[in-house]
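Chemist: show me the folded form of this:
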Amino acid sequence: MMKRVIRRVGDDRGFTLIELLVVMVILGLLAALVGPRAFSKVGKGKQAAAKTQIELLSQAIEQFKVDTGRFPTNEEGLEALRVNPGVDGWDGPYLKKKVPLDPWKQPYHYNYPGAHGDYDLFSYAADSKEGGEGDNKDINNWE
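Modeler: Model (predicted):
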């Protein structure tokens, strides 16, 4: 007696190559649409972080002035907020940790006396050059 093998149509397990390609194309299209929007938010987040850091550094600079009667010189720089440069009245450190780099891994720029106020504190942002727009717009303490 012979057994009869019945095969059902459409009962194959797995996906065909065409089905896999269609899914990959759909995922690629979604990534192309969503990716640029997500990356633009990263730039805005770095700019917001730089603004916040500049505000915190400005507060430390102001506290330095309250204690010592003057702002740090260009030679002392922002390091005077961490280590006493030999100034009477220094009651720091005014920062808990070392002076941070900006979100683009560059040091903040400090000028005393400033062209825009008592002192200028700024970051050149993503392009590391003066000026710029969008993600390259400089972040500073006078605007």
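Chemist: and for residue 123, the neighbour number?
Modeler: Neighbour count of residue 123, defined by other C-beta atoms under 10 Å: 23. From N, CA and C alone the C-beta is placed, and that goes for glycine too.
Chemist: identify the residues contacting the residue lying closest to it once chain neighbours are set aside.
Modeler: Spatial nearest neighbour of residue 123, excluding adjacent residues (C-beta to C-beta, 6 or more residues apart in numbering): residue 102 at 4.1 Å. Residue 102 makes contact with 50, 53, 108, 123, 125, 139, according to C-beta atoms under 8 Å, 6 or more residues apart in numbering.
Chemist: cutoff 6 Å now
Modeler: 50, 108, 123 (C-beta atoms under 6 Å, 6 or more residues apart in numbering).
Chemist: next one: residue 84
Modeler: Residue 84 is in contact with residue 90, counting by C-beta under 6 Å, 6+ apart.
Chemist: secondary structure element for it, which one?
Modeler: Per DSSP states H and E, residue 84 falls between elements, in no helix or strand.
Chemist: how about the most centrally placed residue in the chain, secondary structure?
Modeler: Centroid-nearest residue in the chain, with C-alpha atoms, centre = their mean: residue 46, separated by 2.7 Å. Secondary structure assignment for residue 46 (DSSP: H, G, I helix; E, B strand; the rest coil): helix.
Chemist: many thanks, I have nothing further to ask.
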